[in-house]
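Visitor: build the 3D model from these lines:
(one chain, ligands or ions: 2)
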Amino acid sequence: MSGTFITFEGPEGAGKTSVLRAIVERLAPLLDDQLVLTREPGGKGSPVAEAIRDLVLDPNLPSMDAWTEALLYAASRRQHLVDTVLPALAEDKVVISDRYLDSSIAYQGGGRNLGVDAITTINRFATNGVMPTATVYLDIRPEVGLRRIQEHRQDEVNRLDVEALSFHQRVADAYHQLAEQSPERFLIINAEQDLATVISDTWTALMPILGIQD
Ligand SMILES: Nc1ncnc2c1ncn2[C@@H]1O[C@H](COP(=O)(O)OP(=O)(O)OP(=O)(O)O)[C@@H](O)[C@H]1O
Ligand SMILES: Cc1cn([C@H]2C[C@H](O)[C@@H](COP(=O)(O)O)O2)c(=O)[nH]c1=O
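Guide: Ligands and ions are numbered 1, 2, ... in the order given. The predicted structure is shown next:
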């Protein structure tokens, strides 16, 4: 792996989609075809991973065993790495992914109570230890993020959105633990600020990693 691998993480409604859109708009003219924007579960250029996404997020499925869910996320991740992330990094590109393995540790390890160690083990196996260069963490209290979604967005409700607040609190707690353990990788952004400030803070944090001068 030689390119730059940036991941965006956060609880529901943290603003990943909005912030990523703005960051990519600013980066695209600078990086041109050296920039790859993708997302998990699923991923750009990975039909198998996308098929797993449809399954794992389907709100109409009655229930799914938590370990099955964890394995499906890991399988989607594996396919996305092989199809999209690793080839781009081998060409020295900048890959930005909306979510990666920290999501599994937070949602399945924390939210579903499967434990951080077990989910880390499954994902080490799935990723062969490929870790992001840096991770932007949009830090928001779960109740604030969920309120944003309820107020502004009625579409695309997935199986995780509808979990209880206690689930989302465990997700946020697990993210905070990860950030504490890997301060060199996590760029923590206060996502409760107005959107323009969140975007500006994110840009400032990413510039040195991307070797860009303002
Ligand atoms: N800083 C902000 N302040 C107020 N509202 C915001 C802010 N950032 C995003 N929003 C609004 O909150 C809602 C959720 O934002 P967005 O879809 O970007 O978040 P997300 O993290 O991608 O959500 P999800 O976890 O559901 O994918 C949108 O309606 C968006 O306009
Ligand atoms: C990668 C990954 C994702 N999830 C959950 C988190 C979200 O509820 C959805 C993805 O939708 P979003 O638009 O990015 O918010 O999937 C998860 O539980 N585990 C994972 O590994």
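Visitor: do you know how far residue 115 is from ligand 2?
Guide: Distance of residue 115 to ligand 2, given as CB to the nearest ligand atom, to the nearest Å: 14 Å. Where you see a C-beta, it was placed from the backbone N, CA and C, and this is true even at glycine.
Visitor: hmm, I was thinking of residue 66
Guide: For residue 66 relative to ligand 2 (CB to the nearest ligand atom), the value is 10 Å.
Visitor: can you tell me the closest non-neighbouring residue to that residue?
Guide: Excluding the flanking residues, the one nearest residue 66 by CB to CB, 6 or more residues apart in numbering is residue 112, at 4.3 Å.
Visitor: contact residues of the chain facing ligand 1?
Guide: Within the chain, the positions near ligand 1 by CB under 6 Å from any ligand atom are 10, 12-18, 148-149, 152-153, 194-195, 198.
Visitor: the residue nearest to residue 66: how many residues sit nearby?
Guide: 20 (other CB atoms under 10 Å).
Visitor: tell me which two of the residues of the chain next to ligand 1 sit farthest apart.
Guide: Using CB to CB, the residues of the chain next to ligand 1 span at most 19.1 Å, a distance reached by 12 and 194.
Visitor: of those two, which one has the most company?
Guide: For residue 12 versus residue 194, neighbours defined as other CB under 10 Å are more numerous around residue 12 (20 against 8).
Visitor: looking at the protein, which helix or strand does the model trust least?
Guide: helix 142-152 (a mean of 91; mean pLDDT, DSSP states H and E).
Visitor: contacts for it next, please.
Guide: For helix 142-152, the surrounding residues in contact (CB atoms under 8 Å, 6 or more residues apart in numbering) are 10-15, 161, 165, 168-169, 171-172, 191-192.
Visitor: if I look at the nearest residue to residue 108 once chain neighbours are set aside, what pLDDT would I see?
Guide: Of all residues not flanking residue 108 in the chain, residue 70 sits nearest, at 4.1 Å (CB to CB, 6+ apart). We have a pLDDT of 98 for residue 70.
Visitor: double-check that residue 70 belongs to a helix.
Guide: Yes: counting by DSSP: H, G, I helix; E, B strand; the rest coil, residue 70 is found in a helix.
Visitor: return the subset of the contacts of helix 142-152 lying in helices.
Guide: 165, 168-169, 171-172 (DSSP state H).
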